[in-house]
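Participant: Quick one, what's the 3D model for this:
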Amino acid sequence: MAQAKNPFDMSEYMQAFDPERIARMWNPQTMMQMFQQPQAQMFDMEQVIRANQRNFDAMSEANRSAAEAYKDLLDKQMEIFEKMTRAARQQYEWAEENAGPDAMKARTQAVNEAVEEALGLMRKMADNARDANEEAYRSMQSQIEESVDKVEKTAKKASGKTS
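Facilitator: Model prediction:
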């Protein structure tokens, strides 16, 4: 008989948060390949990468840390789920061995409530993380806009155009 896949096994999903995979994704050469089209003759991309290697490395490290934080979040969610359902399973097993159908029905309801509570806590944890990310992005919005303006002004100045 084939072993059924554990529906609570998150190992495949967790691979998306593998810090090494994130680092490869943010590799400067990989990121800059989109500039290797006809625009590449406009500037020396290798020189741009070399000049900004320190920043690429810092960004890669920050993204690796973020991936580790998300993995930690998922691990903590699974810990919540396991604690809640373990306690409920223990009660269910006791009832199965020592009680009649009415007690089993009550214990089944208790397991359902434990799963619902665990999933609610896990969702709340994910919502809190999402809200924190959104707040972090909002707090950076003005800096992003200033940086874009600066790049546009520098590009205009380099091309000899003035506003």
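
Participant: Which strands and helices lie in contact with the helix or strand hosting Arg138?
Facilitator: Per DSSP states H and E, Arg138 falls inside helix 101-158. Using 3 or more Cβ pairs under 8 Å, 6 or more residues apart in numbering; DSSP states H and E, the elements in contact with helix 101-158 are helix 53-98. In this view, the C-beta of every residue, glycine as well, is placed from N, C-alpha and C.

Participant: average pLDDT across the helix it packs on?
Facilitator: In this model, helix 53-98 has a mean pLDDT of 83.

Participant: How about stretch 30-44?
Facilitator: Rounded mean pLDDT across stretch 30-44 is 63.

Participant: Can you give me the end-to-end span of it?
Facilitator: 16 Å (Cα to Cα, to the nearest Å).

Participant: cool, stretch 15-24 as well?
Facilitator: First residue to last in stretch 15-24 (Cα to Cα) measures 13 Å.

Participant: Show me how far that stretch is from its chain's centre.
Facilitator: How far stretch 15-24 lies from its chain's middle: 10 Å, per Cα atoms, centre = their mean, to the nearest Å.

Participant: same question, stretch 15-27
Facilitator: Per Cα atoms, centre = their mean, the centroid offset for stretch 15-27 relative to its chain is 11 Å.

Participant: With stretch 65-75 instead?
Facilitator: Using Cα atoms, centre = their mean, the offset of stretch 65-75 from its chain centre is 6 Å.

Participant: Thr85 against Glu113, yeah?
Facilitator: No. At 10.9 Å, Thr85 does not count as touching Glu113 under the criterion of Cβ atoms under 8 Å.

Participant: Which of these two has more residues huddled nearby?
Facilitator: Taking other Cβ atoms under 10 Å, Thr85 and Glu113 do not tie; Thr85 has more neighbours (18 against 12).

Participant: where's the more buried one relative to Val111, distance?
Facilitator: 7 Å (Cβ to Cβ, to the nearest Å).
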